[in-house]
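I'd like to go over a predicted model; first the sequence, then the structure.
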Amino acid sequence: MTNEPSNFARAAGFKPKATMNDVMFEELLALRHKRPLTPDEQSRLDGWLTAHPADRARWAEEATLSDALHRLPQATTPSNFMARVWQDIEAAGRRPARTEAGWRNWLRWPSLAQQFALAVLLLTAVMILQGRRARTQTQLARGIEQVTTLARLPDVALLKDFEAISRLNQSAADVELLAAFERER
């Protein structure tokens, strides 16, 4: 059995455990990007590529990429590069203090647009509450009016007579009312 993964494992993105030789190949690839290989390193690479012909295409691709990168012109570093970096670091350290002060100032002194938006919001809320209160008072007045028409109180003169009040609590049958019901049948 070989250490090579199956086609299914390759399709699923499975990478087998790197062996010591795989690590050597990766190190040679990294060295190739930094500098030309020494004769000893070149002989180890040739031995590896002979034993693993599948890695030959990858080596050729990496070598082409490395050569193309080495052909690019070297970027010149300005003489004050470190000073500029430290200046940017110090400026980044000071920025949060200004940002916090800015937020506090924004909350403390709202702009004209913010003041206008707040005034409109408060005015709308007051109008809604006043409309509900007026509707509630109107509904309450209508309810009281309906109750008063339904529940007519007896005459004050009748309430002054104690005997009339005591007769209201008695549960004697009303003969006239019973007679009226009898006639309707």
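Cool, got the structure. All values reported here derive from a predicted model rather than from experimental measurement.

From now on I want contacts and neighbour counts done on CA atoms only, so please keep to that.
OK.

Just list what the longest helix that the chain contains packs against, helices and strands only.
In the chain, assigned by DSSP state H, the helix with the most residues is helix 112-150. With contacts defined as 3 or more C-alpha pairs under 8 Å, 6 or more residues apart in numbering; DSSP states H and E, helix 112-150 has no helix or strand neighbours.

Report the buried residues of that helix.
Buried residues in helix 112-150, counted by 16 or more other C-alpha atoms under 10 Å: none are found.

avg pLDDT for that helix?
Computed over helix 112-150, the mean pLDDT rounds to 81.

cool, stretch 37-45 as well?
Averaging pLDDT along stretch 37-45 gives 89.

List the contacts of that stretch.
With contact meaning C-alpha atoms under 8 Å, 6 or more residues apart in numbering, stretch 37-45 is reached by 25, 28, 31.

Of those, grab the buried ones for PyMOL.
Here is the PyMOL command that selects the buried residues among those (16+ other C-alpha under 10 Å):
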select buried, resi 25+28
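
Closest to T77 out of the contacts of stretch 37-45?
L31 (23.9 Å; C-alpha to C-alpha).

which residue sits closest to that closest one, ignoring its sequence neighbours?
Counting by C-alpha to C-alpha, 6 or more residues apart in numbering, L37 is the residue found nearest to L31 once chain neighbours are left out, at 6.9 Å.
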